[in-house]
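> I would like to see how this sequence folds:
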Amino acid sequence: MPLGSIDETDRQILDLLLKDSTLSHREIGIAVHLTGQAVGARIRKMMDHGIIEGYTLLWNPAKIGLAVEAFVTVFMNSGQAHQGFQDFVKNKNEIVEMHRVSGEGCYWLRVRTVSAVELNTLLDELLKFGNYKLSLSIGQVK
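Reported below is the predicted structural model:
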């Protein structure tokens, strides 16, 4: 079931879930003129085919003390350091997202910390793998 083969009702279900993933199958069914059971079957089919990969939650990290958000581009010292770096990142809760990238740098990290001091400690630890470029978030737009 490639994306091009889903029908308009499936697209409407996807749009509703993207706007609010907490909607019940019944609520979605009312909007797309299907039973809740039929909506559930369509959602399971889209999950089975990898169109829907999972659900996520929007939250406000600052409300629980994670006031510093930073984006770090990492430039590795050597090609041999990648696995060690990936293992390091997996064990760091402050690093909430990591992407291997092309272009400038080797990795892009999203980091959330309680304070600038905690961020600085993490940055010092990164230096054993390579250099970095830091950008601080001053506000989320979208």
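> Please name the strands paired to the lengthiest strand in the chain in the sheet, noting orientation.
Longest strand in the chain by number of residues (criterion: DSSP state E): strand 68-76. Its sheet considered, strand 68-76 pairs with strand 107-113 (antiparallel), strand 130-136 (antiparallel) by DSSP bridges.
> in the last one, what's buried?
It stands for strand 130-136. For strand 130-136, the neighbour count (16 or more other CB atoms under 10 Å) marks 130, 132 as buried. Quick note: C-beta positions are derived from backbone N, CA and C, even for glycine.
> Check what contacts that strand and list those residues.
The list of residues contacting strand 130-136 from outside it, by CB atoms under 8 Å, 6 or more residues apart in numbering, reads 68-77, 81, 85, 104-106, 123, 126.
> Now do that strand, average pLDDT.
Strand 130-136 carries an average pLDDT of 97.
> Done for today, thanks.
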